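Enquirer: What shape does this take:
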Amino acid sequence: MQVTTIGLDLAKNGFQVHGITEDEEVAFNRPLSRGQLLPFFSKIRPCLISMEACSSAHHWAREMTVLGHEVRLIPPMYVKPYVKRDNSDAIDAAAICKAVTRPTMRFVAIKTVEQQAILSLYRARDLLVRQRTQLINGLPGMGAEVRHTNTSDLTATIVGLTGAEFSPSDSYDFGPVLAGGEGSRDYIYTDHFTNRETRGGGIYGWAVREDNYRLIVPKDTPPELFDLSSDPLEQVNLLADGGTDEVIQIVADLKARRDALVATAN
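Expert: Residues are numbered from 1 along each chain as shown. Take a look at the predicted model:
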């Protein structure tokens, strides 16, 4: 009985093989241990072997190719329609064997060791970039629960953890804040933020805030000042009617703080 097609369900240690003849009669459907896998295929005449493109698939595809077999990798999502009922190793192997014979089936190219190594580097770098972004976005938010922190403070904080000396113009070490102490930042400044009304307006101007007040100076509209102690949702613009002398003085102080920071940075 000549086996022409085999479906191989992969795993770490226990594998399942489903073989059919040219007439699509089932020749075998049996489990194999990891140590039995290659000896089993070395005794079978070259045939078509299919497996899902999952973990270790490229390794086993290369090994089967060395033995003279034709190997095809199938995306798991394309195998699922051929699973007859609840999943089991035997049923999955039969579905893989059935899927590979479909004339319109799409396959995944078998990668070399070098290609997989390069992809691993890209994936590791992508993971590090995402983790770095999470760190940049997360740590200032943790510190902000206690005291003013800004994204720019991450630089000084990381350098502070190393014990090195570093004094940039707008970066403060908020390590003490995370440890329950007091921070050295008494204001937050930004010149890139989203338009609150249009949700995605890009650069909207600049803003500066301290304990009680937040001043927003849009690019093309009049400034806005909010009292955060009584209006945390920023609903009442204190400059809507021109503002009192006290409000105008607060605006002048916040603008002076911003100008001093910009001058230092430049």
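
Enquirer: quick one: the strands in the protein?
Expert: All strands of the chain, identified by DSSP state E, fall at 3-9, 14-21, 26-33, 48-52, 70-74, 188-190, 205-209, 213-218, 224-227.

Enquirer: Comparing these by mean pLDDT, which bottoms out?
Expert: Of all those, the segment with the smallest mean pLDDT is strand 188-190, scoring a mean of 75.

Enquirer: what does that one rub up against?
Expert: Outside strand 188-190, the residues that touch it by CB atoms under 8 Å, 6 or more residues apart in numbering are 148-150, 170, 206-210, 257-258, 261. Using the backbone N, CA and C atoms, a C-beta is placed for each residue, glycine as well.

Enquirer: Which members of the residues you listed are classed as buried?
Expert: Listed as buried from these are 148-150, 170, 206-210, 257-258; burial here means 16 or more other CB atoms under 10 Å.

Enquirer: surely Met1 meets Asp23?
Expert: No. Using CB atoms under 8 Å, Met1 is not in contact with Asp23, being 9.8 Å away.

Enquirer: and Ala124, how many neighbours?
Expert: By the criterion of other CB atoms under 10 Å, Ala124 has 10 neighbours.

Enquirer: Sorry, slip of the keys, the one I care about is Gln16.
Expert: Residues within reach of Gln16, counting by other CB under 10 Å, total 21.

Enquirer: Show me the shaky parts of the chain.
Expert: The chain contains residues with pLDDT under 70 at 139-147, 151, 166-170, 175, 177-184, 192-204, 262, 264-266.

Enquirer: Distance-wise, check Pro103 relative to Gln134.
Expert: 45 Å (CB to CB, to the nearest Å).

Enquirer: Neighbour count: these two, which is higher?
Expert: Gln134 (10 against 4).

Enquirer: what sits against that one?
Expert: Under the criterion of CB under 8 Å, 6+ apart, Gln134 has no neighbours.

Enquirer: Helices of the stretch 1-150 of the chain, start to end?
Expert: Listed in chain order, the helices found in the stretch 1-150 of the chain under DSSP state H, counting those that start in this stretch are 34-42, 57-66, 76-79, 89-99, 113-144.

Enquirer: Could I get the buried residue list for the fourth one?
Expert: Burial within helix 89-99, assessed by neighbour count using 16+ other CB under 10 Å, is assigned to 89, 91-99.

Enquirer: List just the nearest of the buried ones among the contacts of strand 188-190 to Leu161.
Expert: Of all the buried ones among the contacts of strand 188-190, Leu161 sits closest to Thr149, with 15.0 Å by CB to CB.
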